[in-house]
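Asks: Take a look and give me a structure for this.
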Amino acid sequence: MKKSQPSQLSILFADDEPSLQELMRMELPHLGHRVTVCPDGYTAVAALERETFDCLIVDLDMPGMNGIQVIERAATLSPKTEAIVLTGKQSLESAVSALRFGVIDYLSKPCRLSELQSLLQRVAARRELKRNSAALEKQSESSLSGSAKLIGSSSAMEEVLTLIRKVARTQSTVLIRGETGCGKELVARALHDQSSRSGNAFVAVNCGALPENLIESELFGHKKGAFTGADAQREGLFEVASGGTIFLDEIGELPLAMQAKLLRVLESGDIRRVGDNQTFHVDVRVVCATHRDVETMVESGAFREDLMFRINAFEIHVPALRDRMEDVMPLARHLYLRHRPEHASIENIFADETIAVFKQHPWPGNVRELANVVEHATILCDHPPILPEHLPRHFGDKRAKREIKATSLPSNPLSLREMESLAVQEAIQRHQGNKPAAAEELGISLKTLYNKLNQSDLANKKTG
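Replies: The predicted structure follows:
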């Protein structure tokens with residue numbers, strides 16, 4: 001399995017010998033790393049106060065502030081920085097003292113560059129391991145509950161699966177389009193799992209849920225002191241995903257200023273943390289998704305045309321659930337068994353009456369709505385078959401109510417704003433107060449949902 005090379009390290013080197021300083025200033029960049037060279041311990045600590053480094057290489061026997069003191073300060077100022085010590089005395093006592101502060105190893109002077117390179121490879125590997133661990137945490141936070149996967153044998157889904165197989169083996173940027181809740185993230189995961197990057201991180205980012213003032217920091221990271229509250233250097237999600245895949249969901253929600261910065265990253269692969277002047281390269285496959293009409297957004301000036309072309313190298317359209325009704329019951333069974341795997345041997349999990357209700361429902365919330373309905377039924381039903389009475393209240397007659405509303409004119413017509421407010425309130429009620437889920441069903445960002453609620457509150461206060 002192909003693995004990506006570890007990204008470059010930012011190294012702080014401190015030694016009082018000018019010849020060694022010059023050697024490291026020349027050779028470490030040749031090994032692919034960025035280096036800051038300091039002539040003594042005091043200068044090294046000052047550098048640690050300004051910036052966080054991946055690795056500290058320090059001479060134990062410097063005059064003034066010695067290497068042990070620098071390492072002790074580094075443990076407080078930058079606890080994630082790995083330390084390597086140089087010693088001319090080959091003193092076991094000095095080495096043991098350094099190890100108490102988490103030093104990964106030490107080198108005796110004069111050291112060979114091959115030995116140093118080997119140690120730096122260990123540092124990079126440890127850093128990669130920590131990054132993948134962080135990526136798994138992000139993946140766990142953002143993933144749907146249970147072992148979600150693409151389910152369906154309809155012709156529409158077969159076409160999607162064929163496209164996934166074809167594009168997964170490439171490095172092309174992919175745009176996944178489809179209604180809210182139809183499974184766009186699952187398509188992105190399938191692309192990653194079938195690619196050469198499957199052994200590395202998959203990081204999912206909901207662009208619509210990121211606070212506008214923190215989007216750049218979340219995606220690209222920030223340098224210590226870059227802004228109020230930036231107490232330490234932080235890796236961005238692009239860096240966390242290095243070697244793997246980053247999934248930018250709801251790409252249409254990105255502000256224009258952020259779109260320009262994202263375009264530069266997609267074109268060069270180079271990112272710069274907020275507050276930093278240095279750029280570094282990341283090897284990331286980018287997959288985007290949206291439920292919005294990006295072409296219309298381009299015409300209105302809300303989305304950059306050059307970014308649209310860049311993210312749309314290959315497009316996959318995920319069909320709505322109502323357009324592949326033959327997949328509803330296989331999906332429902334799969335979703336049920338995620339909660340009750342012990343019932344896998346039961347053939348008829350849903351009663352015939354329940355199946356009829358499911359097949360008549362238009363599923364405006366797509367697979368996400370189906371998952372909520374099945375989970376509700378699973379809680380109420382102790383043992384299959386699941387009956388209509390186990391479904392959420394009024395679920396079965398929603399379709400009939402919609403048909404009645406469509407064929408009859410109200411005696412007191414509602415304004416557009418009142419209709420919007422009613423739709424928002426009903427969605428929130430359907431999801432038992434879960435506003436992010438309601439926003440997903442309505443096809444709007446969480447920020448837009450709160451704006452609608454605030455408008456409704458203001459209107460009520462004026463009329464109250």
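Asks: Please, where are all the helices along the stretch 151-300 of the chain?
Replies: In the stretch 151-300 of the chain, the segments counted as helices under DSSP state H, counting those that start in this stretch are 155-168, 184-193, 215-220, 237-240, 256-268, 294-300.
Asks: want to throw those helices into a markdown table with mean neighbour count, distance to residue 338 and mean pLDDT?
Replies: No exception for glycine: its C-beta is placed from N, CA and C like everyone else's. Putting the helices of the stretch 151-300 of the chain into a markdown table (neighbours: other CB atoms under 10 Å; distance: least, CB to CB, whole Å; pLDDT from 0 to 100) gives the following:
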| stretch | mean neighbour count | distance to residue 338 | mean pLDDT |
| --- | --- | --- | --- |
| helix 155-168 | 16 | 19 | 95 |
| helix 184-193 | 22 | 13 | 94 |
| helix 215-220 | 21 | 30 | 92 |
| helix 237-240 | 23 | 27 | 90 |
| helix 256-268 | 15 | 34 | 93 |
| helix 294-300 | 14 | 33 | 94 |
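Asks: Tell me which of the ones you listed approaches residue 367 most closely.
Replies: Among the helices of the stretch 151-300 of the chain, the nearest to residue 367 by CB to CB is helix 184-193 (8.3 Å).
Asks: of all the helices of the stretch 151-300 of the chain, which lies closest to residue 117?
Replies: helix 237-240 (22.6 Å).
Asks: which strands and helices sit next to the closest one?
Replies: Contact here means 3 or more CB pairs under 8 Å, 6 or more residues apart in numbering; DSSP states H and E; on that basis helix 237-240 packs against helix 113-142, strand 202-206, helix 215-220.
Asks: Quick one: closest of those to residue 185.
Replies: Of all the helices and strands packed on helix 237-240, strand 202-206 comes closest under CB to CB, at 6.0 Å.
Asks: Mind listing the strands that closest one pairs with, and their directions?
Replies: If you go by DSSP bridges, strand 202-206 pairs up with strand 245-249 (parallel).
Asks: now the partner strand: how far from the chain's centre is it?
Replies: 6 Å (CA atoms, centre = their mean, to the nearest Å).
Asks: ditto for stretch 328-347
Replies: When distances are taken as CA atoms, centre = their mean, stretch 328-347 is centred 29 Å away from the chain's centroid.
Asks: Report the rounded mean pLDDT for it.
Replies: Averaged across stretch 328-347, pLDDT comes to 94.
Asks: Return the residues in contact with residue 192.
Replies: Residues near residue 192 by CB atoms under 8 Å, 6 or more residues apart in numbering: 168, 198, 202, 244-245, 247, 285, 287.
Asks: run the last query once more with 6 Å
Replies: By CB atoms under 6 Å, 6 or more residues apart in numbering, the contact set of residue 192 is 202, 245.
Asks: Comparing the helices and strands packed on helix 237-240, which comes out most buried?
Replies: Across the helices and strands packed on helix 237-240, averaging neighbours per residue (mean count of other CB atoms under 10 Å) puts strand 202-206 on top, at a mean of 23.
Asks: Can you show me the CA trace of that strand as PDB?
Replies: Taking Å, rounded to 0.1, in the frame of the first residue of the first chain, the C-alpha atoms of strand 202-206 are listed here in PDB:
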ATOM      1  CA  PHE A 202     -10.000  10.800   5.900                       C
ATOM      2  CA  VAL A 203     -11.000  14.200   7.300                       C
ATOM      3  CA  ALA A 204     -14.600  15.500   6.900                       C
ATOM      4  CA  VAL A 205     -15.300  19.200   7.300                       C
ATOM      5  CA  ASN A 206     -18.700  20.800   7.200                       C
END
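Asks: So what's the gap between that strand and the chain middle?
Replies: Strand 202-206 has its C-alpha centroid displaced from the chain centroid by 2 Å (CA atoms, centre = their mean).
Asks: picking that back up, closest one to residue 39 among the helices and strands packed on helix 237-240?
Replies: Among the helices and strands packed on helix 237-240, helix 113-142 comes nearest to residue 39, with 18.9 Å by CB to CB.
Asks: what mean pLDDT does that closest one have?
Replies: Mean pLDDT, helix 113-142: 72.
Asks: Look at the residue nearest to residue 33 when sequence neighbours are not counted and report its pLDDT.
Replies: In this structure, residue 33 finds its nearest non-sequential neighbour in residue 9, 4.6 Å apart by CB to CB, 6 or more residues apart in numbering. Note on residue 9: pLDDT of 87.
Asks: doesn't residue 55 make contact with residue 9?
Replies: Yes - counting by CB atoms under 6 Å, residue 55 is a contact partner of residue 9 at 5.2 Å.
Asks: The two: who's more crowded?
Replies: Set residue 9 next to residue 55 and count neighbours by other CB atoms under 10 Å: residue 55 wins out with 24 against 21.
Asks: Which strand residues bridge that one?
Replies: For residue 55, the beta-bridge partners are residue 11, residue 82 (DSSP bridges).
Asks: and it, what is it in contact with?
Replies: Counting by CB under 6 Å, 6+ apart, residue 55 touches 9, 11, 82, 123.
Asks: Residue 451: which of the residues you listed is nearest?
Replies: Checking those against residue 451 with CB to CB, the nearest one is residue 9 at 44.2 Å.
Asks: distance of the closest one from residue 267?
Replies: Here residue 9 is placed at a distance of 25 Å from residue 267 (CB to CB, to the nearest Å).
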